[in-house]
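# the sequence isn't on hand, but the structure is:
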């Protein structure tokens, strides 16, 4: 058995060509549009689950990082879209926290409500805002389990100062889930 | 802004020298001993939070992968010990799931009860057993927040077929938390 595993994570090539890194994303709808676009592209390219996410600096609408689901492609159970976006944000900002002293307000925008793992990760990231598109119920219809997320889970984040908006462009976000199902996408753990 | 972030994750050098990869770990106490040892070493080397974890193939007591908390060192909010161990296990077993057809039973052993993120990750990993040392209360005494984990969270995993043992070598595991505090370790998000 090799005892020297290494993880090397980059974006799929197509991410860099479809994302506009320069324009400002000033509204939640605008930011959600990017997350949904990433989710849809991930489905069309058959790179992974139908989920996209991004981290934004809110005041200027500046895109920091993006993420798409890479669980199956990377043989890595934790690489949900939000986790990828948060890992990349930490790298790009050279900080394990998005609420370090002097930092502006950062938002995690996800094309679907976070699973239990990602909800926890968002809390640890220090992001001050969470915006969700499709709902847990939308994902469940496909057979995706969101895990132990309860109403109290959202309250917990809110109690720690995280502002939460759910259901932003929900229909458009849910349509990507349906697209994945129509294309016979794998329902992994 | 660079738009080409890359994550490169390896074990700290010392991990490879202190872990015995060849011997069998046949009891939960034995497996917990390794997780606690990793946590303690992580504290002593000032590499990160006082948490260690490992993934084992239970029947043969075979060590698959280990993890230590690398949040601050790697500027990455998700790199809790369990997440590192699960990412490495996926890499080493070339599978995003520890319960793929034909696989034996795998256990995640953590020196402390999992936070909300890690509890979710353990569910997605497909591990069939979770063994914990120190408790949420032990971690909270130091100021570490475990996030939205409720009794129902454990029930949820149990309902998905995950066997859970808590409080294994708790005192020894909790002593590592106290050691971290005594050495003035940072309480990050």
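Received it, and whenever you're ready, just let me know what you need. Everything numeric in this text was worked out from a predicted model, so none of it was measured.

# does the longest helix seen in chain A come close to chain B?
Criterion DSSP state H: the longest helix present in chain A is helix A:28-44. No. On the criterion CB under 8 Å from any CB of the partner chain, helix A:28-44 is out of touch with chain B, staying 13.4 Å away. C-beta here means a position set from N, CA and C on the backbone, and glycine is covered the same way.

# off-centre distance for stretch A:89-97?
From the chain centre to the centre of stretch A:89-97 is a distance of 16 Å (CA atoms, centre = their mean, to the nearest Å).

# checking residue A:15 next. Helix, strand or coil?
helix (DSSP: H, G, I helix; E, B strand; the rest coil).

# from memory it sits against residue A:70, does it?
No. At 10.3 Å, residue A:15 does not count as touching residue A:70 under the criterion of CB atoms under 8 Å.

# those two: which is more packed in?
residue A:70 (25 against 21; other CB atoms under 10 Å in any protein chain shown).

# excluding its backbone neighbours, what's nearest that one?
Spatial nearest neighbour of residue A:70, chain neighbours left out: residue A:79 (4.3 Å); criterion: CB to CB, 6 or more residues apart in numbering or on different chains.

# in contact with residue A:51, which residues?
Residue A:51 makes contacts with A:39, A:42, A:68-69, A:80-82, A:110-112, as judged by CB atoms under 8 Å, 6 or more residues apart in numbering or on different chains.

# of the residues you listed, closest to chain B?
Nearest to chain B among these is residue A:80, at 8.1 Å by CB to the nearest CB.

# is residue A:132 located within a strand, as I assumed?
Yes. Judged by three-state DSSP, residue A:132 forms part of a strand.

# number of residues surrounding it?
Residues lying near residue A:132 (other CB under 10 Å) number 26.

# which of the residues in stretch A:36-52 are buried?
Across stretch A:36-52, burial judged by 16 or more other CB atoms under 10 Å in any protein chain shown covers A:36-43, A:47-52.

# and of these, the nearest to chain B?
Of the buried residues of stretch A:36-52, the one sitting nearest to chain B (CB to the nearest CB) turns out to be residue A:48, at 9.7 Å.

# can you show me the strands along chain A?
A:7-9, A:52-57, A:62-68, A:106-112, A:129-134, A:163-165 (DSSP state E).
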